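Undergrad: Sequence and predicted structure, then a few things I'm wondering about:
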Amino acid sequence: MSNVVTEPPVVAPVEAPPAPRRPLTRLEPVVQAIVPVLLSILASGVLLAILGRDPFAFYGNILHNGLLTDFGVQQSIVRMATLLLLAGGLIVAFRANLWNIGGDGQWLLAAAFVAGIAPSVVGGLGMAVGLPLMIVIGAVVGAAWTIVPAVLKAYYGVNEIITTLMMNFVGIALANILVKGPFLTDKPGVPRTEILPLDQRLPMLGGSQIHAGIIVAVAMMLVIHVVMTRTPLGLRLRVLGSNHRAAVHLGLRPQRLTLIAFAASGALIGMSGAVSMLGDWGSFRADFNPAYGLLMVPVVFLARMNALATIAFVALFAVIQIGGDTATRLADLPTAFILVLVGLLLFFMTITEFHRVRRQRRLAVASRAPRSAGAEEVR
Amino acid sequence: MSNLLTEPVLTALVAGALLAMVPLMFAALGESISERAGVLNIGLEGMMLFGAYAGFNGALYIHSSWIGLLLGAFGGMLAALVMVVLCVWMRLDQIVVGVGLFLFAEGVTSLLHGAQFGDSYPRIDHVSEIEVPLLSKIPVLGESVFHQHPIVYVGIAAVFLVHWMLRRTSAGLNLRAAGETPSALDAAGVDVTRTRTLAVLACGALAGIGGAYLSIIAAGSFTPMMTQGVGFIGIVLAMLARGKVMWVIALSFLFGISLSISTALQLAGVNISTDVIQMLPYVTVIAVLLLFARRSYLPSALALPYFRGER
Amino acid sequence: GSDSGGSAATTDTGGDAAAKKVTKFAIVTPEKGNDFGWNQQGVEAAKKVAAELGVEVEVADGSGYDNVDPILSQLSQSGSQLVIAHASGYNASAADVATKTNVPEMSWDNPDGVQPGLVGDAETASQEGAYLAGVLAAKVSKSGTLGIVTSADDTNWNKMSGGFIAGARSVDPGVKILYAQIGQAGYADSAGGKRVAKTVIAGGADVVIGMGDGSSFGMLQAVEQAGGDVKFIDVIGDKSSLDKKGVLLSSVIWDFAPAIKQAIEDVNAGTFGKEPYTLNLANEGISLLKTDHIPADVWTEIEGVKAQIESGEVKVPLTAKKAEVQALLKK
Amino acid sequence: MITPDHLTSTAPTGGGASPAPAVELRGITKAYPGVVANDDIDLSVYAGEVHGLLGENGAGKSTLMSILSGMVQPDAGTIRVGGQEVSITSPRKALELGIGTVYQHLTLVPTLTVLENLMMGSGSALLDFGGARARFDELVATLGARIDPNAVASTLSLGELQQVEIVKALWRETRILVLDEPTSMLTPQGVTELQGVMQRLKDSGIAIIFITHKLHEAIEIGDRVSILKAGRRVGGIEPDELRARTPDELKTRIIDTMFGEGAAQLAGVAEMEVHTEEGGHHRELSGEVALELIDLSVDGGADEASVHDMTLSVHRGEILGIAGVDGNGQRQLAQAIAGQRPISGGDIRLEGSSIRKLGVPDRQRRGIGYVTDDRLHEGTVLDMSVAMNIVLKRIGERPFWRRGAIRQQEIDAFARDLVQRYEVRTPSVETNIGTLSGGNIQKVLLARELAFDPKLILYNKPTYGLDVKTASFVRSQIREQAEQGITVIVISTELDELVALCDRIAVMSSGRLTGVVDNGAGAHARVGELMLA
Ligand SMILES: Nc1ncnc2c1ncn2[C@@H]1O[C@H](COP(=O)(O)OP(=O)(O)OP(=O)(O)O)[C@@H](O)[C@H]1O
Ligand SMILES: Nc1ncnc2c1ncn2[C@@H]1O[C@H](COP(=O)(O)OP(=O)(O)OP(=O)(O)O)[C@@H](O)[C@H]1O
Ligand SMILES: [Mg+2]
Ligand SMILES: [Mg+2]
């Protein structure tokens, strides 16, 4: 008994192995990525069979056209540039528990704005100055579109799901007004902005079809990762995200943080829109809305808001998007089938996530034995 | 064009407003219920699409709008079942599954539509409406508001019912607790999972009916992605109603009438871009929020899975 | 992979692209080719021409708008000597891809994008057909009120609306025309189509011309349910096989075959894109569908007007922008 | 439960051991990540008897009770209720077995009214407000409580919430009542009332399990005592012995079992049990004023207490107590001083200069520390590690961050040291703080504040929920700080503690300062009067 006093009981627990997740965490990303993909391939494979299509041919075509041809892989990487920046923007907001559901509105508005003025700006200032400037402008527009939700949230606690959804609808309409109004070309055809000449778009990387946007995107993701995991700001955002009252108590200036998080989120999403216009589209068409923002919401969640993991997930979805169109066409299916595939993929990804958690809990409980021994020695 | 707003036109406008309002009302009512219980259905639009498709088939082949609406409810519940199993039972993330459900529903329904109706584009004949005695004699309103398919009145009644339920029945009380402090509900011996399951299924059924109304009555045909974002607006309305379901009627009517007004303005030759008109409802809400900055109330356990014994 | 990157490809297949004879061409449409409208007409025309000229055709219908670049590029690189980007929403991408892959592309309503040998421009004088529809409507209408319902602010819809208005007024200057648009991009919004069409009919219109894609079925529904003798005029495709209730008065039919055929022949001749490829009454690219709801005498008059338009006697206004339509309406 | 038929159903046994125990736990074991919360525990509770359950923080008391009330499933062990072996798979099952529980952390729905909270889970489809009201009045009468049944829960004070919780626990035919630290948030009067209630309940034949950290309570009210330690039942005191011995003997014995042989001597029972103290140690106070409140007013809004023009000055190195019934504006005052809440009037001066305009972080930089009373929802980020929580008020500062980058090793090392010194029961510093027991979370909060020596510290219920050893340890820490010249303000509802600790005691009642008492002979009584003024 006496040893209790000399040796504080706390020592025993400290020595006790904390829930042994180590081996698991290493394998995890792999499992996380592979299993759900296999499962959804299986499920939609069955669906394909029912529809009388050849599943193997179908998936083969996705892989071939999305990844295995030079052309396909390049297109996929180009698409990644757009999606990554968007996902990054969502990560920043979600980390702070700010549900920026209005990503598409911010994205489209920035895209429309950039596409609208790019031809004159880039033409006038030259690419060296013009293109970076346009990306910045895209960021500014995106950020500006988050001001209302941010202020309402920070100073009045108005729920941001409502406000961002609202601003989303408004943003989409406004983008259309812009392309049909101030930014409209006098050319016939669907209302759109002036086309940014091919040779004034984001420069291609060494003779490939991949434009510099991917470099910007990957760089930003790395920055986000470092900021979120290592810097004070990142930690402050996490704290705000998991406990608002604590943030107030700890003196983290929640209001200011809320504004910062929203602004950063909008800025990254705006950059995504800009890169997409300056890189691949070159012009914004009325009623254009690929709804990338909505797709990225679950993707970011499944990557558990980890920037690096997000890169992997985004790559997967880019390949599906690029390879999918041809695959569905060759299988004589509507492109809508890709949506089915993506939906299933999301379901199965969440399910594997579920099993990860379950496994960890079980392991944790299994770890009682050594601790029990510790208890013995205390008595 | 001033002589345009004749009685028949006004009637058509009000009727049109109702056509747009009813699906939204059902969806928003459903969403309010499940949000009250702490489940956020981002996939509401998906449930509506399922309902629209199933309902359309029912009405088309069984030649009864009621059977159609019933099947619509089942279609919606089928979609809701995904939320139930993954989010309520397995406690997976509601946003991920919700978005997944939405994309999945869009895909599946267009797929089926293409395979089934791709070359025939069948349409449902005019479904019989009932005239509310006396009231249907009132000019304008009589022919529009009081000359509708009964489901419209059923829907409005449902809102009142839910309102009453939330305040006067145990089920309603459990619902509110499940969204606010599930641990307390659990401690009181009520199964949180069961409560939330029922709420989500109810939401699915209502959203499904809303979708079925859209395809069977409002459009008379099914076209892929025909919900046109009504589901998402439903989510917003449910949140704006702040759990007070009566607001759902007012807000969804506001939405419907704003659409009719946009039509009226065009017919009157007023030269406003439809984009501007489309923005108006949302801009109004934002403006209201900005001016009166009311902390929009949301259940504190919304979108959070419940694990017993967690602190 | 064989052909890595555009710049390389460009240098390889450089000049001789124009010299190539078309053995295979491709057509890309946003929706499936079973919509009784724009997409179906395009696909069927392509198949027809392919059969006629004995060349292969690759059909990529239902390609949507979000992955245009990849799809066009893939088709350009899978052995086609001509790609038809069958949607004016594809213009920008078509020009890009053609330049990158150096395979000629035909795009719609894109006169400024023309690059002889590389990017061709196809135009529709759809307003001419709509003008005839207007004449027909005004003649058939008993109420003296006509309706125009569109699903979006769309160039083609605007052009035809203008033509319709002019045609109707040419018959009865005092004719009342109710003009309404469903929404921003209500192409699929069949409920909206029905809602707006109902209102227009309530306004007294007994002939409604509807331009809407999927939403057209909602409009048709409204007309059918209106009962009485309200009639519907459709555009682009021929829905008579779906017309159970006999309300389909006519349709402004677009036949893309002449344009596609001409384009292929020009590629073979190395003169692709020098001239725009136009659909008009003259080359049968645009025509008015003859149904047995149209009184014979009226039809003969329409034939007359048709001749006048072809001879240039009658000038049909071109209203590509909605504002122009509304201005015309106000006149 | 207090219905006549029930009274007759179980013969009151007046504390004597009746044959079959009402509840019998055998070999209960429950493990959590890295911890064995309950390790092969045996426990018997008899009808008409109060069973005091004691044990240091993290000993496993709450876990054991959670198992009994169906909230947690044991890894091993059997439970008998009224002789029948049962498996309590859910709270509903527990309620059906007549087990009512007042949890350590309140379980009311804040947005519902008191009555609605009570009606939750009632079988009937329609809510029977009439019947519920009758039942409520009946229970409230027996408990001698005063609550508005239609008040929304979030507007009640902790004390009132506590009463509602007890009503809730008794709502159904309850034969076994579990009270997990019910007294820790009550004022002396509250505690006395609760004791009366428990007496009445046990007379009516109910078996009560009573968890507390206050030995005298256990001894006074308890008919039987069990002591847990590191998840095991390491000892207990039978009724006869409990009656036979003097309180001090019992306390010494309990403390020794809880903390090991000789612990009592080491610390001194007196120091462990503030109850027995009477503040006497007079200290010389420096003349210089550290903190000044000048006509300070804080608007608590609709559903919170307000503070009305308070004027008060605190000297350097002084320990000033703020006494008062809970919910009389203490928290609002504390938040205003800490900068978390805007003030509506007056001024706050730190060493002469006004700080009213400064935000929370600036005031921290000026040396104001604040230990909140809401450890779960305000004090900590539950899903972050113990180590992180310790440095959360130092984000970005050296040595934990260098050139904007976090230094995890530094943080962990620092945290480990504190965990050692404050004897925080945690598997490791990487463990999520949310899984720690209430008392251990509190220790982390204290460590966080004490580690970085501030000018002025504000304690809100500093020993709330702490076991006697930790509590005395905290008090000694506070005294030490004062000796070093740090100004200390202690807000507490425990008069004994304030008397034991403070130089002066200010008393708050309904948001106003009703008086300031110099500690010393008779202070206890004077403060008591002022509190009710
Ligand atoms: N639950 C909540 N959800 C969202 N926002 C909230 C919530 N609770 C409070 N807020 C908003 O966040 C603010 C945080 O409180 P506070 O004003 O003390 O931050 P702060 O430390 O003053 O920040 P700053 O120094 O930038 O002003 C509240 O004033 C309120 O407007
Ligand atoms: N949900 C949980 N997950 C993980 N560990 C837990 C959980 N609940 C309790 N524990 C651990 O079990 C042990 C016992 O906790 P418990 O709350 O039963 O102690 P206690 O005796 O009630 O302490 P206190 O007097 O401070 O309330 C503690 O070490 C705690 O860390
Ligand atoms: Mg406890
Ligand atoms: Mg502030």
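TA: Okay, I see it. Numbers count the residues shown, from 1 in each chain, chains lettered A, B, ... in the order given. Ligands and ions are numbered 1, 2, ... in the order given.
Undergrad: Helix or strand: which one has the residue lying closest to residue A:121 once chain neighbours are set aside?
TA: With sequence-adjacent residues excluded and distances taken as Cβ to Cβ, 6 or more residues apart in numbering or on different chains, residue A:121 is closest to residue A:130, at 5.1 Å. Yep, even glycine has a C-beta here, placed from its N, CA and C like the rest. Residue A:130 is part of helix A:127-144, with elements assigned from DSSP states H and E.
Undergrad: buried residues in that helix?
TA: For helix A:127-144, the neighbour count (16 or more other Cβ atoms under 10 Å in any protein chain shown) marks A:127, A:130-131, A:133-135, A:137-144 as buried.
Undergrad: Spit out the contact partners of the residue nearest to residue A:121.
TA: Listed by Cβ atoms under 8 Å, 6 or more residues apart in numbering or on different chains, the contact partners of residue A:130 are A:118, A:121-124, A:200.
Undergrad: try it again with 10 Å
TA: If you count contacts by Cβ atoms under 10 Å, 6 or more residues apart in numbering or on different chains, residue A:130 has them with A:117-124, A:196, A:200, A:278.
Undergrad: Who are the packing partners of the least confident helix or strand in chain B by mean pLDDT?
TA: When each helix and strand of chain B is scored by mean pLDDT, DSSP states H and E, helix B:141-144 comes last, with a mean of 71. Taking 3 or more Cβ pairs under 10 Å, 6 or more residues apart in numbering or on different chains; DSSP states H and E as contact, the helices and strands that helix B:141-144 lies on are helix B:7-36.
Undergrad: Now the element after the helix it packs on, going C-ward?
TA: Following helix B:7-36 in sequence, per DSSP H and E, is helix B:44-62.
Undergrad: what angle separates that following helix from helix B:7-36?
TA: 120 degrees (axes from the mean of the first three to the mean of the last three Cα atoms, to 10 degrees).
Undergrad: Could you confirm whether any residue of stretch A:260-280 contacts ligand 1?
TA: No - judged by Cβ under 6 Å from any ligand atom, stretch A:260-280 stays clear of ligand 1, getting no closer than 9.7 Å.
Undergrad: So that stretch, near chain B or not?
TA: No - counting by Cβ under 10 Å from any Cβ of the partner chain, chain B is not contacted by stretch A:260-280; separation bottoms out at 15.0 Å.
Undergrad: For the residue of the stretch 151-300 of chain D found nearest chain C, grab phi and psi.
TA: Per Cβ to the nearest Cβ, the residue of the stretch 151-300 of chain D with the smallest distance to chain C is residue D:152, at 42.7 Å. The phi/psi pair for residue D:152 (degrees, to the nearest 10) reads phi -70, psi 130.
Undergrad: okay, now it: neighbour count?
TA: Residue D:152 has 16 neighbouring residues, counting by other Cβ atoms under 10 Å in any protein chain shown.
Undergrad: cool, and residue D:396?
TA: 14.
Undergrad: The residue lying closest to it once chain neighbours are set aside - how many residues pack around it?
TA: Among residues not flanking residue D:396 along the chain, residue A:232 sits closest, at 3.4 Å (Cβ to Cβ, 6+ apart). When neighbours are counted by other Cβ under 10 Å, residue A:232 registers 18.
Undergrad: can you list contacts of the least confident helix or strand of chain B?
TA: Residues outside helix B:141-144 that contact it (Cβ under 10 Å, 6+ apart) are B:7-8, B:10-19, B:131-132, B:134-138, B:147, C:202.
Undergrad: Just the buried subset of those residues, please.
TA: Using 16+ other Cβ under 10 Å, the buried ones in the contacts of helix B:141-144 are B:10-19, B:136, B:147, C:202.
Undergrad: which one among those gets closest to residue D:356?
TA: residue B:17 (53.8 Å; Cβ to Cβ).
Undergrad: Quick check: residues of the stretch 51-200 of chain B near chain A?
TA: Residues of the stretch 51-200 of chain B found near chain A (Cβ under 10 Å from any Cβ) are B:82, B:85-87, B:90-115, B:118.
Undergrad: And residue B:110, how close does it get to residue D:414?
TA: 59 Å (Cβ to Cβ, to the nearest Å).
Undergrad: Compare the two and say which one has the larger neighbour count.
TA: residue B:110 (26 against 19).
Undergrad: I figured residue D:36 hits residue D:74, correct?
TA: No - applying Cβ atoms under 10 Å as the test, residue D:36 and residue D:74 come out as separate, 11.5 Å apart.
Undergrad: so where does residue D:136 fall, helix or strand?
TA: Element membership for residue D:136, per DSSP H and E: helix D:129-143.
Undergrad: Any chance you could give me the very next helix or strand once past that helix in CSV, C-alpha atoms only?
TA: Using DSSP H and E, the next helix or strand after helix D:129-143 towards the C-terminus is helix D:158-170. Provided in CSV are the C-alpha atoms of helix D:158-170 (Å, rounded to 0.1, in the frame of the first residue of the first chain):
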residue,chain,number,x,y,z
LEU,D,158,-27.9,24.8,-11.1
GLY,D,159,-29.6,24.3,-7.7
GLU,D,160,-33.1,24.3,-9.2
LEU,D,161,-31.9,22.0,-12.1
GLN,D,162,-30.6,19.6,-9.4
GLN,D,163,-34.0,19.5,-7.8
VAL,D,164,-35.7,18.9,-11.1
GLU,D,165,-33.3,16.0,-11.7
ILE,D,166,-34.3,14.4,-8.4
VAL,D,167,-38.0,14.8,-9.2
LYS,D,168,-37.2,13.2,-12.5
ALA,D,169,-35.4,10.3,-10.9
LEU,D,170,-38.4,9.7,-8.6
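Undergrad: and the helix or strand following helix D:158-170, anywhere near ligand 3?
TA: The helix or strand immediately downstream of helix D:158-170 is strand D:176-180, counting by DSSP H and E. No - taking Cβ under 5 Å from the ion as the criterion, strand D:176-180 and ligand 3 are apart, separated by no less than 5.8 Å.
Undergrad: Over the helix or strand that strand D:176-180 is followed by, what's the mean pLDDT, rounded is fine.
TA: Sequence-wise, the next helix or strand downstream of strand D:176-180 (DSSP H and E) is helix D:188-203. The pLDDT scores in helix D:188-203 average 84.
Undergrad: Kindly report the same for stretch D:389-397.
TA: Within the predicted structure, the mean pLDDT of stretch D:389-397 is 91.
Undergrad: can you check stretch B:86-98 too?
TA: 89.
Undergrad: Any buried residues in that stretch, and which?
TA: Buried residues in stretch B:86-98, defined by neighbour count with 16+ other Cβ under 10 Å: B:86-88, B:90, B:92-98.
Undergrad: What of stretch C:111-121?
TA: Across stretch C:111-121, burial judged by 16+ other Cβ under 10 Å covers C:113-114, C:117-121.
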